[in-house]
Structure formats: C-alpha cells, structure tokens
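1. Turn this into a structure:
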Amino acid sequence: MEPMDIVGRTKEDASLPKATMTKIIKEMLPPDVRVARDAQDLLIECCVEFINLISSESNEVCNREEKRTIAPEHVLKALEVLGFGEYIEEVYAAYEQHKIETTDTVRGGKWSNGAAMSEEEALAEQQRMFAEARARMNNGGATAPVPAPPKQPETEQP
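-> Numbers count the residues shown, from 1 in each chain. Below is the predicted model:
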C-alpha cells in the first residue's frame with residue numbers, strides 16, 4: 001500500500017512540473033554549476049514536502065479560527081508557527097504583487113483590448129449572443145452565427 005498524504009491521494013500524485021522546477025533550480029545557481037538529475041529530483045521532493053507542510057499548518061490555523069477557507073493570512077501565520085518567520089515579509093510582498101497582477105487581469109476582462117466597451121455596445125453584444133443561443137435552441141444545435149447589429153454612430157450630447 002502506498003503512503004497517503006493529507007488529501008487522500010498518493011504521494012506520487014502530488015508533484016510539481018519537472019521542467020519548471022529544473023528551470024528555477026538552474027536560475028538560482030551560477031551558470032557554471034551543474035546539478036545531477038538525482039539532486040534535482042530530491043530538491044523537487046523537498047519543495048513538495050514544504051508545500052504539504054505549509055498547507056497542513058495553514059489548514060490547522062484556519063480550523064482554529066473556525067473558518068472554512070484557507071486565506072493568505074493563514075499561510076502567513078503558518079510560516080510563523082513553523083519557524084519560517086524570516087520569509088513572511090518576502091511572501092507577503094509576492095502576495096501583494098500577485099493581487100496587483102490578477103486584479104489588472106480581472107478588470108481587463110474578456111472584452112478588453114485597449115478600449116472599454118460602452119453600455120450600448122455591451123447591450124448590443126448581449127442581445128446578439130441571446131439571439132445566437134435562441135437560434136441554436138430552435139435549430140436543434142445547428143447554428144448560423146447571428147450578425148452583430150450595425151454600430152450606431154456616436155453622438156456627443158451637451
């Protein structure tokens with residue numbers, strides 16, 4: 001029987017992408033240093049174990065606070081509890097950077113290509129999509145795209 005981790009999957013199921021990890025390892029070392037394949041595999045296993053350790057402790061912190069979802073604050077507290085307090089500042093900075101990057105992505109949205117969609121354009125697009133869906137339903141799945149309504153010239157209002 002294989003050893004199980006905390007989520008009930010075998011240890012072999014929990015892994016990190018080897019190519020990505022190999023690239024990170026190489027970037028962290030001077031260019032003239034080579035790492036044996038066994039050493040790379042060991043480093044990757046250590047990373048997986050570290051993630052499992054932090055995840056498990058974050059879950060404990062979350063449970064103590066009677067929360068159901070692990071939040072970034074729980075991970076930061078887990079780092080402190082496990083003796084990795086010197087990393088908290090750097091992890092928090094990475095988290096803040098991640099929030100900035102993902103907020104820009106979410107705000108940009110599907111329609112973002114440099115220009116914002118006006119309310120009228122959004123409504124016209126919504127109507128076109130509804131008409132397309134109705135046509136698919138009425139034709140039993142066969143669909144011919146419904147053309148977008150002609151764009152109305154913008155008029156300035158005083």
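
2. Give me the below-cutoff pLDDT ranges for the protein.
-> Along the chain, segments meeting pLDDT under 70 span 1-13, 104-115, 140-158.

3. And the residue nearest the centre of it?
-> The centroid of the chain falls nearest to Thr102 when counting by Cα atoms, centre = their mean (8.3 Å).

4. what's that one sitting at in phi/psi?
-> Thr102 adopts backbone torsions of phi -80, psi -30, taken as degrees, to the nearest 10.

5. Going by neighbour count, which residues in the helix or strand containing Arg128 are buried?
-> Arg128 belongs to helix 119-138 when assigned by DSSP states H and E. Within helix 119-138, the residues that count as buried by 16 or more other Cβ atoms under 10 Å are Glu121, Ala124. From N, CA and C alone the C-beta is placed, and that goes for glycine too.

6. Return the alpha-carbon coordinates of it using CSV.
-> Taking Å, rounded to 0.1, in the frame of the first residue of the first chain, the C-alpha atoms of helix 119-138 are listed here in CSV:
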residue,chain,number,x,y,z
GLU,A,119,-23.0,50.3,-22.2
GLU,A,120,-24.7,50.4,-25.6
GLU,A,121,-22.1,48.1,-27.2
ALA,A,122,-22.3,45.7,-24.3
LEU,A,123,-26.1,45.6,-24.6
ALA,A,124,-25.9,45.0,-28.3
GLU,A,125,-23.4,42.2,-27.8
GLN,A,126,-25.6,40.7,-25.2
GLN,A,127,-28.6,40.8,-27.5
ARG,A,128,-26.6,39.2,-30.3
MET,A,129,-25.5,36.4,-28.0
PHE,A,130,-29.1,35.8,-26.8
ALA,A,131,-30.3,35.7,-30.4
GLU,A,132,-27.5,33.2,-31.3
ALA,A,133,-28.4,31.0,-28.4
ARG,A,134,-32.1,31.1,-29.3
ALA,A,135,-31.2,30.2,-32.9
ARG,A,136,-29.2,27.2,-31.7
MET,A,137,-32.0,26.0,-29.5
ASN,A,138,-34.6,26.4,-32.2
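
7. Now do it: distance to the chain's middle.
-> Computed by Cα atoms, centre = their mean, to the nearest Å, the chain-centroid distance of helix 119-138 equals 30 Å.
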